[in-house]
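# model the following, please.
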Amino acid sequence: MTDDTEVLVVGGGATGTGIARDLTLRGVDVTLVERGGLASGTSGRSHGLLHSGARYAEADAVGARECIEENRILREIAGDCIRDSGGLFLQLPADDPDYFEAKRAACEEIGIPAETLSGDEARAEVPGLSEDVERAMKVPDGVVYPSRLLAANAADARDHGATILTDAPVEGVRVADGEVVGVDVGGSVDGTIAAEQVVNAAGAWAGELGAMAGVGLEMRPTKGVMVSVRYDGLGPALNRARDPADGDIIVPHDGEVVLGTTSIEVDDPDDYEESEWEVEAMVEACSEMLPAVRDADHVRTWWGVRPLYAPDENSREGARGISRGFFCIDHADDGVDNLTSIVGGKLTTYRQMAEATADRVCEKLGVEADCRTAKERLPGADDPERLDALVAEFGGAGPTDEDVVRR
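Numbers count the residues shown, from 1 in each chain. Predicted coordinates for the structure are as follows:
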């Protein structure tokens with residue numbers, strides 16, 4: 001069997017579903033394939049923080065601006081796919097006060113709202129906060145429910161004519177005369193799909209798809225552990241005001257908080273050790289901000305793998321947490337004219353990544369149409385029950401927001 005489509009998107013994470021939505025809103029015929037359910041990869045296995053950009057402000061102004069811009073857009077279009085929790089960056093005695101000041105000044109320069117609170121003021125806002133907190137900075141962080149976000153993007157793409165295929169792993173890529181002439185897909189498809197343009201949005205697995213097409217795409221995936229524990233009543237997301245390290249983010253859910261995360265390089269995004277010491281070290285570090293989580297009941301533990309682009313990581317000389325940009329790569333330079341890869345980036349900036357990719361693909365197709373995804377609300381945005389029904393239809397909830405979607 002051979003199916004024909006204008007654009008085949010490989011990968012049903014946030015970026016892939018965002019690309020499918022963007023392209024279909026521009027009138028392009030799209031088919032998306034995902035090897036599992038939509039939330040089965042990196043997007044559904046994150047800590048779910050909606051970044052304000054403050055985390056990156058002093059190190060990467062461009063990345064921080066991307067975050068605050070997309071943070072504001074998602075508040076307009078995503079409804080119950082996100083939660084406006086606010087956020088605090090906390091300075092503890094071991095943390096360099098100059099780092100706090102540099103971050104505050106950078107936020108002001110970039111236009112990220114930031115208000116300094118004393119330790120007592122912070123504890124008044126967040127009961128249970130460590131007595132060691134010396135001061136805090138209030139920023140517009142939030143929470144993303146990725147399962148809902150992905151399902152809503154996929155549903156809007158389908159409503160505008162896209163074909164969304166889950167449980168559809170790519171098993172081979174056929175290249176002839178300098179272009180992809182067919183993509184062999186197993187599972188629910190069990191056939192070959194031909195497309196004018198192919199988009200590699202496979203995230204941490206993008207290098208494997210590139211290899212199938214005979215192009216070099218070097219990824220450097222890193223694993224990170226998250227733990228959801230019983231804790232009721234946390235309002236804002238908590239961040240440690242120091243250079244990014246293990247156990248420096250706490251994300252609030254109803255009756256739970258998500259603790260994150262570690263960063264350890266892995267060779268294979270499908271095969272890596274899930275070490276208990278990572279969990280213990282991360283929980284201990286988070287408890288320095290919110291002591292009660294040290295002994296809180298664990299609800300679920302999961303690891304996710306970041307889709308980091310090796311050339312970008314090499315340029316950072318091992319520095320962790322500096323805002324990772326995204327890269328839209330045209331493989332015409334590698335001898336495959338109709339293959340484009342999108343790698344790197346963050347969940348918060350998925351829509352911007354999708355827009356950049358859709359712009360590139362439309363240029364190749366000769367399609368002249370503007371992006372509409374920043375203005376049009378996602379379907380079901382104001383109806384949590386509809387969103388959760390879409391999640392179930394497209395493959396179920398990922399662990400990040402399993403408690404919210406399945407309650």
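
# Gln262 contacts Glu278, doesn't it?
Actually, residue 262 is Thr rather than Gln. Yes. Using Cβ atoms under 8 Å, Thr262 is in contact with Glu278, at 4.9 Å. Bear in mind the C-beta positions are built from the backbone N, C-alpha and C, glycine included.

# quick one: common contacting residues for the two?
Contact criterion Cβ atoms under 8 Å, 6 or more residues apart in numbering; residues shared by Thr262 and Glu278: 225, 246.

# from Val229, how far off is Glu70?
Using Cβ to Cβ, to the nearest Å, we find Glu70 at a distance of 28 Å from Val229.

# what does the model give the residue sitting furthest away from the middle of the chain for pLDDT?
Ranking residues of the chain by C-alpha distance from their mean position (Cα atoms, centre = their mean) puts Asp177 at the top, at 35.2 Å. The model reports Asp177 with a pLDDT of 97.

# got it, and Glu355?
Among the per-residue scores, Glu355 shows a pLDDT of 98.

# how many neighbours does it have?
Residues within reach of Glu355, counting by other Cβ atoms under 10 Å, total 19.

# with the one 4 residues further on instead?
When neighbours are counted by other Cβ under 10 Å, Asp359 registers 16.

# can you tell me how far it is from Val10?
Counting by Cβ to Cβ, the gap between Asp359 and Val10 amounts to 19 Å.

# same question, Ala176
Here the criterion is Cβ to Cβ. By it, Ala176 lies 18 Å from Val10.

# which one's more surrounded, the two?
Each of Ala176 and Val10 has its neighbours counted (other Cβ under 10 Å); Val10 has more, 29 against 8.

# show me the contacts for that one.
Neighbour list for Val10: 16, 32-33, 170, 183, 198-202, 209 [criterion: Cβ under 8 Å, 6+ apart].

# test of understanding: give the bridge partners of it.
Using DSSP bridges, the beta-bridge partners of Val10 come out as Val33, Asn200.

# let's check: the centremost residue of the protein is which one?
Central residue of the chain (Cα atoms, centre = their mean): Leu347, 2.1 Å from the mean position.

# OK, contacts around it?
By Cβ under 8 Å, 6+ apart, the contact set of Leu347 is 14, 43, 46, 48, 144, 146.

# also Ala54?
Under the criterion of Cβ under 8 Å, 6+ apart, the neighbours of Ala54 are 64, 87, 89, 103, 107, 112, 114, 137, 139, 141, 239.

# and Asp29, by the same measure?
Remark: with contacts taken as Cβ under 8 Å, 6+ apart, Asp29 is in contact with 5-7, 161-162.

# just the buried members of those residues?
Buried residues within the contacts of Asp29, counting neighbours by 16 or more other Cβ atoms under 10 Å: 5-7, 162.

# take the residues you listed and keep only those in strands.
Secondary structure of the buried ones among the contacts of Asp29 is defined by DSSP state E; positions in strands are 5-7.

# can you lay out those as CSV showing distance to Val126 and pLDDT?
Rendered in CSV, the data for these read as follows (distance: Cβ to Cβ, whole Å; pLDDT from 0 to 100):
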residue, distance to Val126, pLDDT
Thr5, 50, 97
Glu6, 50, 98
Val7, 46, 98
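
# dump those residues into JSON lines; add distance to Ala94 as well.
Written out in JSON lines, the entries for those read as follows (distance: Cβ to Cβ, whole Å):
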{"residue": "Thr5", "distance to Ala94": "54"}
{"residue": "Glu6", "distance to Ala94": "55"}
{"residue": "Val7", "distance to Ala94": "50"}
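
# circling back to that earlier point, output the contacts of Asp29 in CSV; the columns should cover distance to Asp132.
What follows is those, written out as CSV (distance: Cβ to Cβ, whole Å):
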residue, distance to Asp132
Thr5, 57
Glu6, 57
Val7, 53
Gly161, 55
Ala162, 51
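
# check these and tell me the two furthest apart.
Taking every pair in those and measuring Cβ to Cβ, the maximum separation is 11.6 Å, between Val7 and Gly161.

# what touches both of the two?
Counting by Cβ under 8 Å, 6+ apart, the contacts common to Val7 and Gly161 are 29-30.

# what lies in contact with stretch 171-183?
Outside stretch 171-183, the residues touching it (Cβ under 8 Å, 6+ apart) are 2, 8, 10, 33, 170, 184-186, 192-195, 198, 209, 212-214, 335-339.

# try it again at 6 Å.
When contacts are taken as Cβ atoms under 6 Å, 6 or more residues apart in numbering, the neighbours of stretch 171-183 outside the stretch itself are 8, 170, 184, 186, 192-194, 198, 212-214, 335, 337-339.

# inside helices: which ones of those residues?
When DSSP state H defines the helices, the subset of those inside them is Met212.

# which of the contacts of stretch 171-183 sits closest to Lys375?
Distance to Lys375 across the contacts of stretch 171-183 (Cβ to Cβ) is lowest for Leu8, with 26.5 Å.

# neighbours of the closest one, how many?
By other Cβ under 10 Å, the residues close to Leu8 number 28.

# Arg377 too?
The burial metric for Arg377, expressed as a neighbour count using other Cβ under 10 Å, is 13.

# any idea how many residues pack against the closest residue to it other than its chain neighbours?
When the adjacent residues along the chain are set aside, Arg377 lies closest to Ile77, with 4.9 Å between them (Cβ to Cβ, 6 or more residues apart in numbering). Using other Cβ under 10 Å, the number of residues around Ile77 comes to 17.

# strands of the stretch 1-150 of the chain, residue ranges please.
Read by DSSP state E, counting those that start in this stretch, the stretch 1-150 of the chain holds these strands, from start to end of the chain: 2-10, 30-33, 49-50, 82-83, 87-91, 115-118, 135-139, 142-144.
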